[in-house]
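# show me how the following folds:
(one chain, ligands or ions: 1)
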Amino acid sequence: MKKIFINPTYKYFLHGGDYNPDQWQDYPEVLKDDMRLMQLANCNSMSVGIFAWAALEPEEGKYDFSFLDKAMDDIYANGGRVILATPSGARPAWMSQKYPEVNRVTENRDRRWFGVRHNHCFTSPIYREKVTQINTLLAERYKDHPALIAWHVSNEYSGSCHCDLCREAFREWLKKKYGTLRELNAQWWSAFWAHTYTDWSQIDPPSPLGERCVHGLYLDWRRFVTDQTIDFYKNEIAPLRKFTPNIPITTNFMGFSTVLDYRAFAKEVDFVSHDAYPTWKGDESDILRASEVSMRYDLNRSLKHKPFVQMECTPSNVNHHDYNKLKRPGAHMLSSMQIVAHGGDSVLYFQWRKNRGSWEKFHGAVVDHVGNENTRVFREVSEVGARLKKLDAVLGTMTESRVALISDWSNRWALDNAQGFQKNDKKVHATHSKHYHPMWKRGINTDIIGEDDDFSCYDIIIAPMLYITSDNMIDKLEQFVKNGGTLLCTYMLGMVNENDRCHLGGFPGGKLKEVFGIWNEEIDTLYPNEKNSVTFNGVTYDAVDYCEIVHAQGAEVLATYNDDFYKGMPALTVNNYGKGKAYYVTFRDNGDFTDVITERLLTECGIVSDFDGVLPCGMTAHSRTDGENLYVFLQNFSINPLETSTAHTWVTVDWKETISGEITLDSYETLILSRKI
Ligand code: GAL
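Purely as a prediction, here's the structure:
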């Protein structure tokens with residue numbers, strides 16, 4: 001099996017983070033000491049220049065690269081490398097003042113003033129030109145610099161602009177998609193409330209002042225915003241590709257954030273990079289939180305099915321949660337090893353050094369305002385760096401998963417926006433997390449996939465609340481089951497097509513009725529605190545939020561409702577279809593039932609963890625492999641020591657100790673075990 005490296009010329013785990021020498025130009029002694037401290041912290045990679053445009057181009061057309069030249073040279077001389085940023089995430093004041101067009105327009109059509117960041121127009125030809133100019137200069141200047149190992153394009157692209165240019169671009173995008181207004185009106189069902197469009201110029205993005213009822217319009221706007229952002233990104237990277245064709249390019253994503261369709265965006269980056277700031281609490285609730293965080297990492301790995309970069313995390317507290325609690329001693333090592341366990345080949349921080357002033361001066365950093373290495377956080381960061389240096393064997397290795405969970409952006413956008421059910425919070429993402437958890441706690445690798453992925457490499461696919469099903473998705477699910485796969489879907493399956501238009505002929509749409517052997521006649525939304533119940537294998541589970549009234553039409557009924565007028569109707573069905581099986585869950589549970597049914601699927605398919613011992617609550621194990629060796633990360637997320645045992649003989653990757661038999665894992669401990677396959 002091939003290892004895949006972020007940059008094959010630099011085969012090390014990246015450890016370091018956002019470094020802002022542009023802010024410290026008046027403090028040469030600080031910049032000098034940074035180099036000493038980076039060595040002590042075992043940091044080898046710095047992301048430089050992310051918001052440095054005002055320093056790089058203080059006046060229009062007048063450039064000053066002196067601080068960056070020095071940073072690149074100093075970091076390299078210090079044995080480090082640079083992930084060089086393009087500065088488009090925040091522009092200089094002179095630019096906003098001189099060219100108001102670059103400032104974003106809100107959905108109420110107010111043009112924003114200069115301020116904050118991440119608020120430029122993605123269409124503005126002037127902004128695109130300015131970005132091309134500065135990126136060209138950066139790429140030309142540093143193309144042969146030995147410190148340069150990757151490009152960090154902009155920062156956390158997000159948001160949308162409603163200026164004339166963007167609205168016109170949206171109309172062009174729609175023309176390309178639909179061809180004719182007749183087709184657009186049909187797909188959007190715009191005859192409703194007399195919203196039929198008779199000229200393209202009548203179409204505007206959703207706004208509280210205008211249209212917000214046409215679901216197809218909403219969905220297309222979200223897709224357009226992704227496409228327009230990608231288009232902007234392509235403009236950004238053109239000079240980088242031209243001058244540095246061998247330097248990999250990325251932009252930092254934000255996990256399951258709904259701002260952009262990262263699955264579409266991932267096709268355009270050389271490697272996925274990702275920022276995460278979990279709200280670790282330091283108590284047993286972190287066990288469930290760890291599961292959610294792992295799912296984010298699994299998403300990032302699955303977006304390109306190869307190792308990803310953790311571009312930002314905090315070595316301790318953040319400043320933007322409601323309560324900015326410190327990471328407890330040991331939690332940083334645990335959460336860093338968790339990244340690697342799920343396919344991350346870096347631990348990079350926001351931020352290297354706390355700023356002296358402004359918005360983020362109290363955000364966690366490797367170097368605190370005290371300005372030296374004598375802090376708990378610095379020591380813990382340094383320990384992570386030291387450990388990463390011992391993990392070379394794991395770098396670039398892959399993750400093999402036989403289970404996948406489907407989570408697509410369009411589905412999330414459409415369901416979140418749907419009028420009906422629980423109107424304001426349908427808990428789509430929370431439901432996905434709940435269905436992911438049974439694999440996590442059993443130490444079973446899971447991919448997070450979407451419609452475009454190859455389904456044939458999985459034994460089990462879990463697709464909770466899969467509301468949108470295009471013809472293509474229906475075909476792929478059908479083929480998957482027909483060819484021997486095990487599919488589990490839940491309430492709200494297959495209600496609309498890709499343009500949010502209901503499937504006719506009953507739910508779930510099209511062939512899915514035959515695949516599952518069911519027809520879903522109605523869905524009941526329960527009030528909070530209302531319950532039904534379902535008995536399965538002699539155990540009774542609460543049914544909350546949603547109960548569908550489903551008819552078995554060929555499927556075997558495995559469980560039924562206990563109450564209400566649909567008492568006795570199916571709550572869980574299974575259908576043999578082709579060589580495979582399709583399970584359907586008609587209700588939402590609190591997690592226990594999800595666990596039991598998932599266990600049944602895993603058992604039927606013979607899927608077990610790569611770690612052979614019993615995993616107590618709080619302990620988990622995820623693996624990577626190079627095809628010859630298995631690397632298992634055994635982690636304890638509990639605040640208590642936990643025990644397990646193994647029948648294999650393992651060698652720890654970092655300390656080369658032999659491990660077999662009984663194992664006690666201290667609170668927050670990670671063992672990195674290896675053995676030949
Ligand atoms: C990220 C952002 C960083 C920094 C960080 C603070 O979202 O990319 O620049 O603001 O949050 O947690």
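# which regions of the stretch 301-450 of the chain lie under the pLDDT threshold?
Under the criterion pLDDT under 70, no range of the stretch 301-450 of the chain is flagged.
# quick one: the helices in it?
If you assign secondary structure with DSSP state H, counting those that start in this stretch, the helices in the stretch 301-450 of the chain sit at 331-341, 376-388, 409-417, 428-441.
# deepest-packed of the ones you listed, please.
Using mean count of other CB atoms under 10 Å, the stretch among those with the largest mean neighbour count is helix 331-341, at a mean of 24. Glycine gets a C-beta too; all of them are placed from N, C-alpha and C.
# run the angle between it and helix 376-388 for me.
For the pair helix 331-341 and helix 376-388, the angle between their directions (axes from the mean of the first three to the mean of the last three CA atoms, to 10 degrees) equals 30 degrees.
# pull the distance from helix 331-341 to the chain's centre.
The chain centroid and the centroid of helix 331-341 are separated by 17 Å under CA atoms, centre = their mean, to the nearest Å.
# got a markdown table for the helices of the stretch 301-450 of the chain, with distance to the ligand too?
As requested, these are exported to a markdown table (distance: least, CB to the nearest ligand atom, whole Å):
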| stretch | distance to the ligand |
| --- | --- |
| helix 331-341 | 14 |
| helix 376-388 | 15 |
| helix 409-417 | 19 |
| helix 428-441 | 18 |
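# as JSON lines, these with distance to Asp261 would be great.
Converted to JSON lines, those look like this (distance: least, CB to CB, whole Å):
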{"stretch": "helix 331-341", "distance to Asp261": "23"}
{"stretch": "helix 376-388", "distance to Asp261": "32"}
{"stretch": "helix 409-417", "distance to Asp261": "4"}
{"stretch": "helix 428-441", "distance to Asp261": "15"}
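# number of nearby residues for Gly497?
Just so we're on the same page, residue 497 is Asn rather than Gly. Using other CB atoms under 10 Å, the number of residues around Asn497 comes to 20.
# excluding chain neighbours, what is closest to it?
Once its chain neighbours are removed from consideration, Asn497 has its nearest residue in Ser470; the separation is 6.0 Å (CB to CB, 6 or more residues apart in numbering).
# Phe256 reaches Tyr297, doesn't it?
No: using CB atoms under 8 Å, Phe256 is not in contact with Tyr297; the gap is 11.3 Å.
# look at the two and report which has more neighbours.
More neighbours sit around Tyr297 than around the other of Phe256 and Tyr297, counting by other CB under 10 Å; the figures are 24 against 18.
# that one and the ligand: what is the separation?
In this view, Tyr297 and the ligand are 17 Å apart by CB to the nearest ligand atom, to the nearest Å.
# again, but for Arg501
Taking CB to the nearest ligand atom as the measure, Arg501 falls 36 Å from the ligand.
# from Thr573, how far off is that residue?
26 Å (CB to CB, to the nearest Å).
# helices along the stretch 501-650 of the chain, start to end?
All helices of the stretch 501-650 of the chain, identified by DSSP H, counting those that start in this stretch, fall at 512-516, 592-604.
# just name the most buried of those helices.
Greatest average neighbour count among the helices of the stretch 501-650 of the chain goes to helix 512-516 (a mean of 24), per mean count of other CB under 10 Å.
# list the contacts of it.
Residues from elsewhere that reach helix 512-516 (CB atoms under 8 Å, 6 or more residues apart in numbering): 469, 474, 477-478, 481, 487, 489, 493-494, 506, 508, 519, 553-555, 573, 575, 577, 582, 584.
# ok, Asn483 to Trp188 distance?
In this structure, Asn483 and Trp188 are separated by 35 Å, where distance is defined by CB to CB.
# neighbour count winner among those two?
In this comparison of Asn483 against Trp188, neighbours counted by other CB under 10 Å, the higher total goes to Trp188 at 25 against 12.
# name all residues that make contact with the more buried one.
Trp188 makes contacts with His195, Val214, His215, Gly216, Leu217, Asn499, as judged by CB under 8 Å, 6+ apart.
# what residue of this structure is the furthest out?
For the chain, the C-alpha farthest from the mean C-alpha position belongs to Phe565; by CA atoms, centre = their mean, that distance is 40.9 Å.
# can you pull the pLDDT of it?
In the predicted model, Phe565 carries a pLDDT score of 98.
# the one 3 residues further on too?
Reading off the per-residue confidence, Gly568 sits at a pLDDT of 98.
# which bits of this protein sit near the ligand?
Near the ligand, the residues belonging to the chain are Asn155, Glu156, Asp275, Tyr277, Glu312, Val318, His320, Phe350, Glu360, His363 when assessed by CB under 6 Å from any ligand atom.
# which residues touch the closest residue to the ligand within the stretch 151-300 of the chain?
Residue nearest to the ligand within the stretch 151-300 of the chain: Glu156 (4.6 Å; CB to the nearest ligand atom). Taking CB under 8 Å, 6+ apart as the contact definition, Glu156 lies against Gly89, His118, Asn252, Phe253, Met254, Asp275.
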